[in-house]
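J.: all I have is the shape, not the residue letters:
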């Protein structure tokens, strides 16, 4: 066994378990000495597989890790494009945003700006998987995905009640999940689509009492603008000939809403 490769893979596995990792996190998770972890991180950063997300030594995997797996969807490139756009939006509106993509028969949160939101009371919802018919991100995806995908996700078809919700979602071009007995938060979501291809769903989570019609009228245009910025940033990542360098995440603000997105 080549120990250096084994150690590098251990660091990658540990980083895959959370959105941000510090040197102390990876030292604890892998059992490797801190100097070893640091050298591995610097190598991965120079190779483009890891980015440093703030000046305090927090690291994150980049979309380039998909090069290590043929089974990794090209749609995950949208996450790299989305990160700086989402952070800018959260710093502007203060509410946390999430980016979700289809993961089997559920929606998985691929990135969350909860660490950057002064209004969030969870560190992140990264990795959380949401049901298709009982979450705003799921309803947004069902409303705007292709017909073959919809048939796969709803093998028994849509009930009259669900169909009415999907029709309303298409008409207004966003989905809403109001507070429930399980979640005291509310979420609205818009599609991130390019040339008819639904790549992801962008969502914003608030306190339940906040999600009023006036609130939506003000914030939905901001979500749509952010989605457009994500697509613009995504273009050179999808077609590397358009630009040599992809976007990088700006430094985070200090922060600490549960989300049933």
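T.: Done, it's in. Every value quoted in this text rests on a predicted model; they were computed, and no experiment measured them.
J.: ranges for the helices of the stretch 1-150 of the chain?
T.: Per DSSP state H, counting those that start in this stretch, the stretch 1-150 of the chain carries helices over the ranges 3-15, 23-30, 34-46, 77-93, 136-144, 147-153.
J.: of the ones you listed, which stretch is the most buried?
T.: helix 136-144 (a mean of 27; mean count of other Cβ atoms under 10 Å). (Glycine included, C-beta is placed from N, CA and C.)
J.: what's the mean pLDDT across it?
T.: Averaged across helix 136-144, pLDDT comes to 97.
J.: and that helix, what does it pack against?
T.: The criterion is 3 or more Cβ pairs under 8 Å, 6 or more residues apart in numbering; DSSP states H and E, and the helices and strands that helix 136-144 contacts are strand 97-103, strand 106-112, strand 129-131, helix 147-153, helix 160-172, strand 175-177, strand 185-194, strand 197-207.
J.: follow-up on the earlier one: the helices of the stretch 1-150 of the chain: which one's closest to residue 227?
T.: helix 77-93 (8.5 Å; Cβ to Cβ).
J.: elements contacting the closest one?
T.: Using 3+ Cβ pairs under 8 Å, 6+ apart, the elements in contact with helix 77-93 are strand 97-103, strand 106-112, strand 197-207, helix 213-238.
J.: try 10 Å this time
T.: With contacts defined as 3 or more Cβ pairs under 10 Å, 6 or more residues apart in numbering; DSSP states H and E, the secondary structure elements packing on helix 77-93 are strand 50-54, strand 58-61, strand 97-103, strand 106-112, strand 185-194, strand 197-207, helix 213-238.
J.: would you list the ones you listed in JSON lines and tack on distance to residue 152 and mean neighbour count?
T.: Shown next, in JSON lines, are these (distance: least, Cβ to Cβ, whole Å; neighbours: other Cβ atoms under 10 Å):
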{"stretch": "strand 50-54", "distance to residue 152": "34", "mean neighbour count": "19"}
{"stretch": "strand 58-61", "distance to residue 152": "29", "mean neighbour count": "20"}
{"stretch": "strand 97-103", "distance to residue 152": "10", "mean neighbour count": "24"}
{"stretch": "strand 106-112", "distance to residue 152": "13", "mean neighbour count": "23"}
{"stretch": "strand 185-194", "distance to residue 152": "18", "mean neighbour count": "24"}
{"stretch": "strand 197-207", "distance to residue 152": "13", "mean neighbour count": "25"}
{"stretch": "helix 213-238", "distance to residue 152": "24", "mean neighbour count": "16"}
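J.: fine, thanks again, bye for now.
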